[in-house]
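1. Got a sequence here, can you model it:
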Amino acid sequence: MLVAREEYDKCEMSSIKKILLPIDYPNVSLGVIHQSAMLARHFKAQIVMLHVVTELSHRAGVPRPGSGPVEWPMLTEVERAAQHAKDTSLAKELEGLAIQCLLDGGDPAASIVRQAQTEKVDLIMMPSHGFTFEQFLLGSVTAGVFGRAECPLWTGAHIEDLAEPTRPAEPFAIRSVLSAVDLGPRSDKSLLWGARMASEFNARLTVAHVTAGVNIWGPGGWHEDQEWKEALVRDASRRVARLEQDTGIKAEVFIGSGDVPKTLSQAVERTNADLLVTGSYPYGGNLRTHGYGIICAVPIPVLSV
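-> Model prediction:
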């Protein structure tokens, strides 16, 4: 993989020094906490751990935020949740990291966005789902942050987040990165972030693009127009090659067609990807339209830039 030095300089990842980590309580999703600890240690970044107080967490002993400092042992409670899940590695992973703990109130998505702006964080990391609310409502919190925050958003693997909250997290490593591009004006940013992540962790890089569907209705039902599909794939291949040339990045290429979340999930499986980077956030484009659907479909963390 070759990445031009001047293109590296354009990638905001070089300035990741503060990570906002919203946590649920009393049911703590441990997977994304492990991932944030790994990134914080690698990039020498500070973690701002945030809990937005709800009625459920207040009944579990979390004080409501007031005008003065609130003494609530957030970090201790997180480590206690890990012990309850028989996760013996989290405390060691968090040891020595710069961690600031904050409590806030109000609408969870609005609070996360507000604190991201106030703290001037470079990255938000949160579960795609959680356990304090019903599933549809928690999904709306992450989706709300996805649509409103001004910095990149890392969401934990959706399948993992829907598992039992006390299940011990599997060790997380980045060995293969999939960078999804829609070949719009933000595609270079997605590819640059993907390349930088791959370079930082000595991982394999694959660039993925999903063309429009090629199904047509005819006698007997729906049929795939192979000639149309081949034309779309040839055009996409040329445009991806031009994007690689413009950015100075050389990667393996995956091109599919049809349903975007489903096809990217197939690409994740085919490339054994550990991280999906998309250029879907916060501006428009094909990937933006499918943004939260992609997060829910793929079984790995998604970095939306």
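2. going forward, measure contacts and count neighbours with C-alpha atoms only.
-> Will do.
3. tell me the contacts of the nearest residue to residue 186 once chain neighbours are set aside?
-> With CA to CA, 6 or more residues apart in numbering as the measure, residue 279 is the residue that lies nearest to residue 186, at 5.9 Å, once sequence neighbours are left out. For residue 279, the contacting residues are 180-182, 186-187, 189-190, 287-288, 304-305, taking CA atoms under 8 Å, 6 or more residues apart in numbering as the criterion.
4. and what of residue 203?
-> Taking CA under 8 Å, 6+ apart, we find residue 203 in contact with 174-177, 197.
5. Now that you've got those, can you turn the buried subset into something I can paste into PyMOL?
-> Those of the contacts of residue 203 that meet the burial criterion (16 or more other CA atoms under 10 Å) are gathered into one PyMOL selection, given here:
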select buried, resi 175+176+177+197
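6. on that earlier part again, out of the contacts of residue 279, which end up buried?
-> 180-182, 186-187, 189-190, 287-288, 304-305.
7. Tabulate these in TSV, adding columns for secondary structure.
-> TSV is the format used below for the buried ones among the contacts of residue 279 (DSSP: H, G, I helix; E, B strand; the rest coil):
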residue	secondary structure
180	strand
181	coil
182	coil
186	coil
187	helix
189	helix
190	helix
287	helix
288	helix
304	strand
305	coil
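8. Same list, these, but as JSON lines with pLDDT and distance to residue 257 please.
-> Written out in JSON lines, the entries for these read as follows (pLDDT from 0 to 100; distance: CA to CA, whole Å):
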{"residue": "180", "pLDDT": "95", "distance to residue 257": "13"}
{"residue": "181", "pLDDT": "94", "distance to residue 257": "13"}
{"residue": "182", "pLDDT": "90", "distance to residue 257": "12"}
{"residue": "186", "pLDDT": "79", "distance to residue 257": "20"}
{"residue": "187", "pLDDT": "89", "distance to residue 257": "17"}
{"residue": "189", "pLDDT": "89", "distance to residue 257": "22"}
{"residue": "190", "pLDDT": "90", "distance to residue 257": "19"}
{"residue": "287", "pLDDT": "50", "distance to residue 257": "13"}
{"residue": "288", "pLDDT": "51", "distance to residue 257": "17"}
{"residue": "304", "pLDDT": "89", "distance to residue 257": "21"}
{"residue": "305", "pLDDT": "86", "distance to residue 257": "22"}
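9. Now tabulate those residues in TSV and tack on distance to residue 148.
-> TSV is the format used below for the buried ones among the contacts of residue 279 (distance: CA to CA, whole Å):
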residue	distance to residue 148
180	21
181	21
182	21
186	17
187	20
189	19
190	18
287	16
288	12
304	12
305	13
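10. Now do the helices in the protein.
-> Secondary structure of the chain by DSSP state H: the helices cover 5-8, 31-43, 55-59, 74-84, 90-94, 108-118, 135-148, 158-161, 187-200, 226-247, 260-271, 286-289, 291-297.
11. Nearest to residue 211 among the ones you listed would be which one?
-> Across those, residue 211 has its closest neighbour in helix 226-247 (6.6 Å, CA to CA).
12. just how off-centre is the closest one within its chain?
-> Using CA atoms, centre = their mean, to the nearest Å, we find the averaged C-alpha position of helix 226-247 to lie 26 Å away from the chain's own average C-alpha position.
13. next one: stretch 15-24
-> The offset between the C-alpha centroid of stretch 15-24 and the centroid of the whole chain comes to 12 Å, using CA atoms, centre = their mean.
14. neighbouring contacts of that stretch?
-> Stretch 15-24 has contacts (CA under 8 Å, 6+ apart) with 29, 33, 36, 40, 43-52, 112, 116, 120-126, 130-132.
15. Quick one: end-to-end length of it, please.
-> The first and last residues of stretch 15-24 sit 27 Å apart, counting by CA to CA, to the nearest Å.
16. And residue 58, how close does it get to residue 301?
-> When CA to CA is the yardstick, residue 58 and residue 301 sit 29 Å from each other.
17. Output the below-cut-off pLDDT ranges for the stretch 51-200 of the chain.
-> Within the stretch 51-200 of the chain, the ranges that satisfy pLDDT under 70 run 67-70, 129-140, 147, 158-170.
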